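Trainee: fold the following, please.
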Amino acid sequence: MNSIRMQHLVLFFVVITLFLSCEEKKVEIKSGPPNVVLIFTDDQGYNDVGVFGADDIATPNLDKMAKQGTMLTSYYSAQAVCSASRAGILTGCYPNRIGIHNALGPGNTHGINSKETTMAEMLKSKGYATAIFGKWHLGHHKKFLPTRHGFDEWFGIPYSNDMWPYHPQQGPVFNFPDLPLYENETIIDTLVEQSQLTTQITERSVDFIQRNKNNPFFLYVPHPQPHVPLFVSDKFKGKSNRGLYGDVIMEIDWSVGQIMEALKDNGLEENTIVIFTSDNGPWLSYGNHAGSAFPLREGKGTGWEGGQREPFIIKYPKRIPAGKVIDEPVMAIDMLPTLAEEIGAELPENIIDGKSVLQLLKGNVDKGPQEAYFFYYRVNELFGVRYGKWKLYFPHRYRTMGGQEPGKDGLPGEYRMIDMEEIELYNVENDISETTNVAAENPEIVLEIQLLANDMRYRLGDSLLELKGSETREAGQLDE
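Mentor: So this is what the prediction gives:
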């Protein structure tokens with residue numbers, strides 16, 4: 001009898017312990033203004049996420065995020081190259097409007113102008129804590145650093161991870177001995193070997209969430225990967241079916257999972273807007289160290305779909321439906337005004353190009369607010385327009401790896417240049433790979449788009465026609 005009673009007592013205490021343990025794990029659900037997390041990868045292709053078609057890279061966290069949120073399948077970066085793309089998403093402007101072109105490097109003496117309002121500054125004006133962990137790439141001199149443009153904290157690198165003298169493509173042409181690693185405005189290390197950087201960025205992100213769980217925050221996570229040279233930690237090395245590149249994507253997916261878990265553990269999951277996308281398409285000349293834009297045409301550095309159409313997933317359980325797919329065109333320039341509408345922030349005083357797509361994301365409307373999107377590259381060349389289901393290209397020169405030997409294991413292949421001599425038009429709803437030029441069959445559409453382009457040329461210029469815009473603004477200069 002004593003033995004049976006003792007067993008009952010032991011069972012009773014076990015049940016009580018389990019009950020108390022479960023009680024301790026209950027998380028208070030936070031309310032108030034929504035937090036914002038923007039995860040932004042570098043040179044990732046449209047086909048490099050499971051839900052966007054990758055069958056050789058496991059991305060369970062991104063796939064889960066898509067299931068719980070909304071996917072955009074016709075989302076475009078602001079430009080097909082690093083710095084310009086970042087300028088677009090952070091300011092709501094076409095990059096050429098604010099004087100940011102191409103990819104800024106250690107030799108550049110300009111950067112984002114202090115007169116421009118960044119997403120961080122807009123959110124900070126509403127009481128948000130702000131941080132960036134990763135690659136900045138909008139000017140490396142002190143006046144251009146993120147801590148001077150709305151971010152309370154920064155850990156990361158000032159430009160691309162190949163901009164150092166030992167990368168094989170570049171050669172010893174820059175002034176820095178190694179890649180500088182910053183904490184706020186101080187260089188704390190130099191990086192030759194970067195395999196721990198994704199982990200460090202992730203750990204900093206999780207810590208920032210935990211420290212700011214009781215107040216609204218903006219967390220910007222611009223991963224330097226999968227831009228070449230590729231680096232991955234031992235925990236993902238050799239794990240994918242697409243070599244080192246796939247391993248890198250798996251680690252980024254792990255990072256997304258860690259951030260999502262931190263939000264959930266701190267009761268922030270329901271009231272946080274999480275966005276995942278990339279700056280531009282894959283750098284195809286690097287062959288097996290490049291991503292895939294399949295089924296899209298071309299990649300980084302071009303206005304073809306593979307250069308600027310990017311994977312995009314947004315999760316915001318409080319407002320945005322789960323499991324939805326939107327194919328309506330949206331561009332990075334629309335993100336700032338979308339967030340402004342949701343949190344009740346004032347738009348920048350300067351003219352911006354983006355428009356809020358909040359109602360489209362919430363499912364209240366089926367059509368986006370923009371009449372057309374304009375595709376610029378290099379120094380203000382207007383060479384493409386997306387207009388409804390149509391994509392028109394003006395005569396210009398572009399690069400291709402078609403017919404060329406791709407690079408391998410970190411060394412690039414050589415691009416071939418092509419001169420497009422006539423206007424080309426594609427129906428990108430029915431012909432996502434842009435294989436059939438239908439300009440001759442649709443002269444009225446060509447004319448409509450030409451008129452839209454002429455208006456934009458007047459406003460923002462077009463160096464292909466040697467036209468200067470009436471609304472462009474200067475980038476920040478070092479000697480100002």
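Trainee: what segments of the stretch 1-150 of the chain are strands?
Mentor: Here the stretch 1-150 of the chain has its strands, by DSSP state E, counting those that start in this stretch, at 35-41, 70-72, 75-76, 110-111, 129-135.
Trainee: what does the stretch 201-350 of the chain give?
Mentor: 217-222, 272-278, 312-315, 324-326, 330-331.
Trainee: can I get those strands in JSON lines including mean pLDDT?
Mentor: Formatted as JSON lines, the strands of the stretch 201-350 of the chain follow (pLDDT from 0 to 100):
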{"stretch": "strand 217-222", "mean pLDDT": "98"}
{"stretch": "strand 272-278", "mean pLDDT": "98"}
{"stretch": "strand 312-315", "mean pLDDT": "98"}
{"stretch": "strand 324-326", "mean pLDDT": "98"}
{"stretch": "strand 330-331", "mean pLDDT": "98"}
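Trainee: of those strands, which is nearest residue 300?
Mentor: strand 272-278 (10.0 Å; Cβ to Cβ). Placement of C-beta: from N, CA and C, glycine included.
Trainee: dump the closest one to CSV, restricted to CA.
Mentor: This file holds the C-alpha atoms of strand 272-278, laid out as CSV (Å, rounded to 0.1, in the frame of the first residue of the first chain):
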residue,chain,number,x,y,z
THR,A,272,5.5,41.7,-37.1
ILE,A,273,5.8,42.4,-40.9
VAL,A,274,8.5,40.1,-42.2
ILE,A,275,9.7,40.5,-45.8
PHE,A,276,12.1,38.3,-47.6
THR,A,277,13.5,39.2,-51.0
SER,A,278,16.8,39.9,-52.9
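Trainee: partners of that strand in the sheet?
Mentor: According to DSSP bridges, strand 272-278 has the following sheet partners: strand 35-41 (parallel), strand 312-315 (antiparallel).
Trainee: now it: how far from the chain's centre is it?
Mentor: 8 Å (Cα atoms, centre = their mean, to the nearest Å).
Trainee: for it, which positions count as buried?
Mentor: For strand 272-278, burial by neighbour count (16 or more other Cβ atoms under 10 Å) applies to 272-278.
Trainee: and for stretch 353-363?
Mentor: Buried-residue list, stretch 353-363, by 16+ other Cβ under 10 Å: 353-358, 360-361.
Trainee: can you check stretch 423-441 too?
Mentor: Neighbour-count burial for stretch 423-441 [16+ other Cβ under 10 Å]: 424-428, 431-432, 434, 439.
Trainee: next: stretch 205-222.
Mentor: 205-206, 208-209, 212-213, 216-222.
Trainee: so how far does that stretch reach from one end to the other?
Mentor: 11 Å (Cα to Cα, to the nearest Å).
Trainee: which SS class is residue 418?
Mentor: When classified by DSSP: H, G, I helix; E, B strand; the rest coil, residue 418 comes out as strand.
Trainee: between the strands of the stretch 1-150 of the chain, which gets nearest to residue 287?
Mentor: Nearest to residue 287 among the strands of the stretch 1-150 of the chain is strand 35-41 (19.0 Å), distances taken as Cβ to Cβ.
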